[in-house]
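Participant: Predicted model follows, preceded by the sequence.
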Amino acid sequence: MRWSALVWAFGLVLLAGCLAGCGVQPSGVIRGASPPSGPVEPSTATTLHFVSDGRLVAVRRPGPPLARADVLALLAAGPTEQERARGLGSEVPPEAAPFSVTRRSSGRMLVTAAVPPAGLPGTAVEQIVCTAAATDPGGTTRVELLGAGSARTTGHCPG
């Protein structure tokens, strides 16, 4: 019985030594790096110009980068249900798509629609011009619009 008590005592001392000697030393506050910051939504977005109360309104839709012609096709498809609920509309008819877009060396952008621009309301032309101009990170504001063999219409984005 004497040996078992001694073994128990030695086991308890050994266990206490293991628990107390785990090597973690007390320290003060350790400062880390700054927390992440910035926008939570994707950094890329497509800017479309819709109409509200007769005026153009720029709308940013998050998503991957799109080709200029695809951006204009989104414009021709019109506002989403949520955008319509916010009072946004479009005068660009769906049959204006497909579009082709060419960047000229003069800094102008040539947009070709599937319909003649002369048959479009002035607001629709402005929507197309402003949406096309928004696709150019270089800041193009001069857009030439033509379609269906018609004469060119040159426009500036009023915004």
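Facilitator: Alright, I've got the coordinates.

Participant: just the helices in the chain please.
Facilitator: In the chain, the segments counted as helices under DSSP state H are 2-20, 68-77, 81-85, 122-134.

Participant: weakest of those by average pLDDT?
Facilitator: Looking at the helices of the chain, the lowest mean pLDDT belongs to helix 2-20 (a mean of 59).

Participant: List the buried residues in stretch 46-54.
Facilitator: Of the residues in stretch 46-54, Thr46, Leu48, His49, Phe50, Val51 count as buried by neighbour count, 16 or more other CB atoms under 10 Å. Any C-beta I mention is one placed from the backbone N, CA and C, and that applies to glycine too.

Participant: And the residue lying closest to Glu126 once chain neighbours are set aside, how far from Leu88?
Facilitator: Among residues not flanking Glu126 along the chain, Leu56 sits closest, at 5.9 Å (CB to CB, 6 or more residues apart in numbering). The gap separating Leu56 from Leu88 is 10 Å, by CB to CB, to the nearest Å.

Participant: what sits in contact with each of the two?
Facilitator: Listed as contacting both Leu56 and Leu88 by CB atoms under 8 Å, 6 or more residues apart in numbering are Phe50.

Participant: Would you enumerate the residues in contact with Asp53?
Facilitator: Gly87.

Participant: can you start the count at 167 instead of 1 from here on
Facilitator: Yep, numbering from 167; the last one is Asp219 now.

Participant: what pLDDT does it get?
Facilitator: 93.

Participant: Could you measure from Ser272 over to Arg308?
Facilitator: 8 Å.

Participant: higher neighbour count, the two?
Facilitator: Arg308 (15 against 8; other CB atoms under 10 Å).

Participant: so what's that one up against?
Facilitator: Gly273, Arg274, Met275, Ala299, Thr320, Gly321, His322.

Participant: with those residues in mind, which one is nearest to Asp236?
Facilitator: Met275 (14.8 Å; CB to CB).

Participant: Roughly how far does that closest one sit from Ala235?
Facilitator: Counting by CB to CB, the gap from Met275 to Ala235 is 11 Å.

Participant: Quick check: pLDDT value at the residue nearest to Ala300 when sequence neighbours are not counted.
Facilitator: Nearest residue to Ala300, sequence neighbours excluded (CB to CB, 6+ apart): Thr213, at 4.0 Å. Looking at Thr213, its pLDDT is 94.
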